[in-house]
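Chemist: attaching a predicted model along with its sequence, questions to come.
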Number of protein chains: 2
Amino acid sequence: MARLQNRPGQGRRRASHSMESVLTEAVALLDEAGPPALTFRALAERLGGGVASIYWYVANKDELLDLATDHVIGSVLADIEALPGSADPIDDLRAMSVTLFDAIVARPWLGAYFMRNINAQSNSIRLYERLGEQTLRLDLSARQRFHAVSAIIGVVVGSAVDLGQEPPQEVLDGAVDRDTYLGRAAAAWRDLDPAAYPFVHEIVDEFDGHDDADQFRSALELTLAGLRLQAGARVG
Amino acid sequence: MARLQNRPGQGRRRASHSMESVLTEAVALLDEAGPPALTFRALAERLGGGVASIYWYVANKDELLDLATDHVIGSVLADIEALPGSADPIDDLRAMSVTLFDAIVARPWLGAYFMRNINAQSNSIRLYERLGEQTLRLDLSARQRFHAVSAIIGVVVGSAVDLGQEPPQEVLDGAVDRDTYLGRAAAAWRDLDPAAYPFVHEIVDEFDGHDDADQFRSALELTLAGLRLQAGARVG
DNA sequence: CACCAGCATCGAACGTTGTTCTATCGTACG
DNA sequence: CGTACGATAGAACAACGTTCGATGCTGGTG
């Protein structure tokens, strides 16, 4: 079987990548169509190269996801470090959390992969550090500080996972938009027996057309209120 | 090509399943070796039947996961409904949350699939209802109740996702146990520059050998404290 | 200038997965 | 006895992650 390419001036160019370009295109694929769209073949085509070449930069798909996640966490970290800062550490914690949450809203796939990076990848650790430094300004024990940061990240990720897993494929395809999808679920809830499901009927109007950001902010405020109480209780 | 089976008294028996057995075996596979172990072929072999037969019971793998999740949520729901109940709705919320968390600790795969079922599957909706009914005993607006339940579930799932995603394969293989894995991460943290990472150094001893249950309980207490404050503030 | 080492790239192949197609079995009912 | 239908199953397909072996390119050395 004769090789057809490899003619000097005419043949197909070899692609030349870089770690940067690999991660950038990987993120682009994730942004455009979610995790299922990130395949080695799709990524290779986007880079104009072969499938196996990607393995020179990453050991496997898990590492690719880890690095891609940390790549965008880097820009989130830059946003967080650019925040003005205030006299109240809890206000700063809120601002940082909202920044992180907004980033996950913009990139729903981020929520699922963010947490497993915190212990390992550099930008994620720095983000963890920045959150934690605010707790150093509060009168807490080391254990309380550790738990406080875990709680805040838990709230962010918990809310993010909630909204990140919602689209059941038809929303992503654009066939059904998010509001009508939520409305459909709300309609099913309204069909439930009001006697057996008093709470669901109580809040179905709130659920219908609710804003995820409001939901997150409320959860965050509960945790921050508890934290402020905990810090205050220690002083007096 | 002659068919070899189908001899009357001797041939290989046809398998006869049921929705129950399919879900039970699917859960068993998930319990034994996690999500990667749940394949249609492995499930079919366990059921003693063919691969395609499973598709008579479920439309696709997503539905299989949804139903398997709701299947075990059913037993969690039974545990929750068997709880004694108290005069304080927040105490009841805590007891329910801990029950749910314990179930996810016992089945780490549950955390990843639990949330996307809440809007659709029957047992998950009932669980949502039971949590929500406790908020009906608090002096809150409908919106506050909706957000409170979302916040609590967010805390549970956020903590659960944290501990559910930790094992990076070597822990599951049994090659490395969880404590030495955490210790390894802690050692890496200790190598960081103390001047650049003051918070990480402050809490690394807490992180090393920490108990996930403590971490969850602390996060839950913060949210419940905030909730109690919110309910109390409305009365006076 | 020729040559070589090693970095970087690539096509092709392998094994496994979810899913579908089509054929078949077995039983309850007329 | 036969027929319709609930239920089962083997084989095949496309897509995926991953590996293998071979090849191109480039900078330094003789």
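Modeler: The structure has been received and is ready for your questions. Numbers count the residues shown, from 1 in each chain, chains lettered A, B, ... in the order given.
Chemist: next, the buried residues of the helix or strand encompassing residue A:78.
Modeler: Secondary structure assigned from DSSP states H and E places residue A:78 in helix A:61-81. Buried residues in helix A:61-81, counted by 16 or more other C-beta atoms under 10 Å in any protein chain shown: A:64-74, A:76-77, A:80. In this view, the C-beta of every residue, glycine as well, is placed from N, C-alpha and C.
Chemist: repeat for stretch A:223-236
Modeler: By neighbour count with 16+ other C-beta under 10 Å, stretch A:223-236 contains the buried residues A:223, A:224, A:225, A:226, A:227, A:228, A:230, A:231.
Chemist: ok, now which ones touch the first one?
Modeler: Residues counted as contacts of residue A:223 (C-beta atoms under 8 Å, 6 or more residues apart in numbering or on different chains) are A:151, A:152, A:155, B:151, B:155, B:219, B:222, B:223, B:226.
Chemist: what about the second one, distance to DNA strand D?
Modeler: When C-beta to the nearest atom of the strand, to the nearest Å is applied, the distance between residue A:152 and DNA strand D equals 32 Å.
Chemist: ok so, going back, reformat the contacts of residue A:223 into JSON lines and put secondary structure and distance to residue A:96 next to each item.
Modeler: Shown next, in JSON lines, are the contacts of residue A:223 (DSSP: H, G, I helix; E, B strand; the rest coil; distance: C-beta to C-beta, whole Å):
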{"residue": "A:151", "secondary structure": "helix", "distance to residue A:96": "14"}
{"residue": "A:152", "secondary structure": "helix", "distance to residue A:96": "9"}
{"residue": "A:155", "secondary structure": "helix", "distance to residue A:96": "12"}
{"residue": "B:151", "secondary structure": "helix", "distance to residue A:96": "18"}
{"residue": "B:155", "secondary structure": "helix", "distance to residue A:96": "18"}
{"residue": "B:219", "secondary structure": "helix", "distance to residue A:96": "17"}
{"residue": "B:222", "secondary structure": "helix", "distance to residue A:96": "17"}
{"residue": "B:223", "secondary structure": "helix", "distance to residue A:96": "18"}
{"residue": "B:226", "secondary structure": "helix", "distance to residue A:96": "18"}
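Chemist: returning to what we had before: ok, the helix holding residue A:78 near DNA strand D or not?
Modeler: Yes: Helix A:61-81 comes into contact with DNA strand D (C-beta under 7 Å from any atom of the strand), by way of A:61, A:62.
Chemist: quick check: which helices or strands does that helix pack against?
Modeler: With contacts defined as 3 or more C-beta pairs under 8 Å, 6 or more residues apart in numbering or on different chains; DSSP states H and E, helix A:61-81 has these neighbours: helix A:19-33, helix A:89-106, helix A:109-114, helix A:122-136.
Chemist: out of those, the one nearest residue B:188 is which?
Modeler: For the helices and strands packed on helix A:61-81, distance to residue B:188 was read as C-beta to C-beta. The smallest value, 9.0 Å, belongs to helix A:122-136.
Chemist: and that closest one, what's its mean pLDDT?
Modeler: Regarding helix A:122-136, the rounded mean pLDDT is 96.
Chemist: return the helix or strand of chain A with the lowest mean pLDDT as PDB; C-alpha atoms alone will do.
Modeler: Least confident helix or strand, chain A: helix A:178-190 with a mean of 86, by mean pLDDT, DSSP states H and E. Output of helix A:178-190 as PDB, limited to C-alpha atoms (Å, rounded to 0.1, in the frame of the first residue of the first chain):
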ATOM      1  CA  ARG A 178     -35.000  26.100  29.900                       C
ATOM      2  CA  ASP A 179     -38.100  27.900  30.900                       C
ATOM      3  CA  THR A 180     -40.500  25.600  29.100                       C
ATOM      4  CA  TYR A 181     -38.500  22.600  30.500                       C
ATOM      5  CA  LEU A 182     -38.900  23.900  34.100                       C
ATOM      6  CA  GLY A 183     -42.600  24.700  33.300                       C
ATOM      7  CA  ARG A 184     -43.200  21.100  32.200                       C
ATOM      8  CA  ALA A 185     -41.700  19.800  35.500                       C
ATOM      9  CA  ALA A 186     -43.800  22.300  37.400                       C
ATOM     10  CA  ALA A 187     -46.900  21.100  35.600                       C
ATOM     11  CA  ALA A 188     -46.200  17.600  36.700                       C
ATOM     12  CA  TRP A 189     -45.800  18.700  40.300                       C
ATOM     13  CA  ARG A 190     -49.200  20.500  40.100                       C
END
